[in-house]
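1. Structural data only, the sequence is not supplied:
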């Protein structure tokens, strides 16, 4: 697998809990790698919007079945297509709760057998 890190990362300065950001990104990148096959690419992108910075983790993995997507952030939830893979189902729940507690958010888009995109939005101070 190839991980494409954002070339513009040094252009951004965040005032945010470093440990929570590290935990969130490492969980999302780990999931992207774990659920993507050999020869795929994981892209990490950062963009500045008017009042926030968005960090996206984009994979070409197995995706999340549409009928299960509403449960993705539930504690202990594991989609039917990953039950044979190791995991506890608590990582995304922890990430979402920590981000929410710090005034940030996480959303995702996914299509089964095509991949997923998870986006962390962090408000910026003006």
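-> Alright, I've got the coordinates. What you see is a predicted model, and the numbers here were worked out from it, not measured in a lab.
2. where does the protein dip in pLDDT?
-> 84, 126 (pLDDT under 70).
3. Tell me the first helix or strand C-terminal of the lengthiest helix in the chain.
-> When the chain is parsed with DSSP state H, its longest helix is helix 18-34. Using DSSP states H and E, the helix or strand that follows helix 18-34 in sequence is strand 41-48.
4. What residues of that next one count as buried?
-> 42, 43, 44, 45, 46 (16 or more other CB atoms under 10 Å). C-betas here are computed from N, CA, C, even on glycine.
5. Return the closest of the residues you listed with respect to residue 11.
-> residue 46 (8.1 Å; CB to CB).
6. Hmm, the closest one is touching residue 6, no?
-> Yes: the criterion here is CB atoms under 8 Å, and residue 46 meets it with residue 6 at 4.7 Å.
7. For the longest helix of the chain, buried residues please.
-> 20, 21, 23, 24, 25, 27, 28, 29, 31, 32.
8. wait, what's in contact with residue 110?
-> 63, 64, 69, 116, 117 (CB atoms under 8 Å, 6 or more residues apart in numbering).
9. mind listing what residue 38 touches?
-> With CB under 8 Å, 6+ apart, residue 38 has these contacts: residue 1.
10. what's the answer for residue 123, then?
-> Here residue 123 is in contact with 51, 52, 103, 104 (criterion: CB under 8 Å, 6+ apart).
11. Neighbour-wise, which one of these leads?
-> residue 104 (21 neighbours; other CB atoms under 10 Å).
12. can I assume residue 85 sits in a strand?
-> No: counting by DSSP: H, G, I helix; E, B strand; the rest coil, residue 85 is not part of a strand but coil.
13. Pull the number of nearby residues for it.
-> Residue 85, neighbours per other CB under 10 Å, totals 12.
14. follow-up on the earlier one: now the buried residues of strand 41-48 in TSV, with distance to residue 90?
-> Below are the buried residues of strand 41-48 laid out as TSV (distance: CB to CB, whole Å):
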residue	distance to residue 90
42	22
43	25
44	23
45	26
46	26
